[in-house]
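Colleague: Below are the sequence and a predicted model for it; my questions follow.
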There are 2 protein chains.
Amino acid sequence: MSRWQPNARGRLEQAALELYTERGFDQTTVAEIADRAGLTERTFFRHFNDKREVLFWGQDALIERMTTAIAQAPESASAIDAAGEGLRAAGEMLETRRAQARRRQAVIDANPGLQERELIKLASLAEAMAAALRRRGVAESAAALTAETAIAVFKVAYGRWLSTAGRKDLTSVIGGSLDELKALTDHTRRA
Amino acid sequence: MSRWQPNARGRLEQAALELYTERGFDQTTVAEIADRAGLTERTFFRHFNDKREVLFWGQDALIERMTTAIAQAPESASAIDAAGEGLRAAGEMLETRRAQARRRQAVIDANPGLQERELIKLASLAEAMAAALRRRGVAESAAALTAETAIAVFKVAYGRWLSTAGRKDLTSVIGGSLDELKALTDHTRRA
């Protein structure tokens, strides 16, 4: 057998999501994932540290994209609009993966330990976003408030995107949710 | 020895916070907590299920206070203002416990497992708040967005309150953070 495994990572991810959905996350072993993908356990561990990482591997790249977009937002942009640029960049990255994202979310929703891990991921995104805003010169406390609020919007928008039947792309849902936030917090209006 | 232990819960909590601070959470046993408080392990387990619950026991009461305040907000209040009433009620309840809250936070900050538990607590607060808003007739999606945003504000305000040296009460810090959120998301201004 050749050592070259075309798209091994994608095949392992696909196999893992299938098995987590069919049997549950806790009931699935790495050996079974490798077997379903037609690969070896050794190949699995060349791509992922453990079976949980299959669900969470994109985090560093997501943070990188998000913080780069915040750094590149126009100098004149407000803190919340710079944060919005970060969310849209993250949205573009996730956009192409809606089918996997739906299956992934169903696995996470069924497992409290994975829900905790997902909350930690969102908290890490908020921290990275606050740091990126501070590097733009946003004051410490405004950076934290803006980042936590933006991630709250992201969490809601992501859930909406997953639950709608392919009608809107994630960046539009994020933009709509940000506009809705502005309307909700506008005290001259009634929500 | 009498079975009546005056303020056993408070003494156990105090002893636990001291030990968690001195030795770390993982290195402290229930036997040591009971011993430091001058009580028995049996008494400990009459008040808490485990040593982690000493740090998280107030959650149900907090949710109860918060959701009651949301239900009682004036009919004319917007979703975000009703949510603000909920946050202020939670703030009043926590207000009297700043000294314990500071020690508790230092213990949590030193322990990733406890940080996860704290994130789950905040997620539970957001869910309870969204449900309370829906009972006021707020639409599903606006309720989720408002609740997640309000809890983001609460998280930041709580951190600010803990880090300031007793100068402002928590309800004022929450009110100030809500006003700041409104200013941040007001697109006619620059943050």
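Modeller: Sure thing, it's come through.
Colleague: For chain A, just list every one of the helices.
Modeller: In chain A, the helices defined using DSSP state H lie at A:8-23, A:30-37, A:41-47, A:53-56, A:59-72, A:79-95, A:98-109, A:112-135, A:140-163, A:170-184.
Colleague: what about the fourth one and chain B, touching?
Modeller: No: looking at helix A:53-56 against chain B by Cβ under 8 Å from any Cβ of the partner chain, there are no contacts, and the closest approach is 13.8 Å. To be clear about C-beta, it is placed using only N, CA and C from the backbone, and glycine gets the same treatment.
Colleague: So which other helices or strands are in contact with that helix?
Modeller: Helix A:53-56 makes packing contacts with helix A:8-23, helix A:98-109, helix A:112-135 when contacts are defined by 3 or more Cβ pairs under 8 Å, 6 or more residues apart in numbering or on different chains; DSSP states H and E.
Colleague: if we go to 10 Å?
Modeller: Helix A:53-56 sits against helix A:8-23, helix A:41-47, helix A:98-109, helix A:112-135, with contacts defined as 3 or more Cβ pairs under 10 Å, 6 or more residues apart in numbering or on different chains; DSSP states H and E.
Colleague: Tell me which of those helices sits nearest to chain B.
Modeller: Chain B sits nearest to helix A:112-135 of all these, at 4.2 Å, using Cβ to the nearest Cβ.
Colleague: Could you list every helix and strand in contact with that closest one?
Modeller: helix A:53-56, helix A:59-72, helix A:79-95, helix A:98-109, helix A:140-163, helix B:112-135, helix B:140-163.
Colleague: what mean pLDDT does the fourth one have?
Modeller: Throughout helix A:98-109, pLDDT has a mean value of 90.
Colleague: hang on, the earlier thing: can I get the helices and strands packed on helix A:53-56 in a markdown table including mean neighbour count and distance to B:Glu75?
Modeller: Putting the helices and strands packed on helix A:53-56 into a markdown table (neighbours: other Cβ atoms under 10 Å in any protein chain shown; distance: least, Cβ to Cβ, whole Å) gives the following:
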| stretch | mean neighbour count | distance to B:Glu75 |
| --- | --- | --- |
| helix A:8-23 | 19 | 45 |
| helix A:41-47 | 15 | 56 |
| helix A:98-109 | 16 | 34 |
| helix A:112-135 | 18 | 34 |
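Colleague: buried stuff in stretch A:148-165?
Modeller: A:148-162 (16 or more other Cβ atoms under 10 Å in any protein chain shown).
Colleague: Near chain B, list only the ones from those.
Modeller: For chain B, the contacts drawn from those by Cβ under 10 Å from any Cβ of the partner chain are A:Glu148, A:Thr149, A:Ala150, A:Ile151, A:Ala152, A:Val153, A:Phe154, A:Lys155, A:Val156, A:Ala157, A:Gly159, A:Arg160.
Colleague: Return the member of these nearest to B:Ile108.
Modeller: A:Glu148 (17.0 Å; Cβ to Cβ).
Colleague: Quick check: A:Ser124 touching A:Ile63?
Modeller: Yes: with contact defined as Cβ atoms under 10 Å, A:Ser124 reaches A:Ile63; the gap is 7.1 Å.
Colleague: any weak-confidence spans in chain A?
Modeller: A:1-4, A:165-166, A:187-191 (pLDDT under 70).
Colleague: same thing but 50
Modeller: A:1-2, A:189-191 (pLDDT under 50).
Colleague: what's the domain layout of it?
Modeller: A:8-54, A:58-184 (automatic domain parsing).
Colleague: so can I have TSV of the ones you listed showing distance to B:Ala16?
Modeller: Below are the domains of chain A laid out as TSV (distance: least, Cβ to Cβ, whole Å):
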stretch	distance to B:Ala16
domain A:8-54	31
domain A:58-184	23
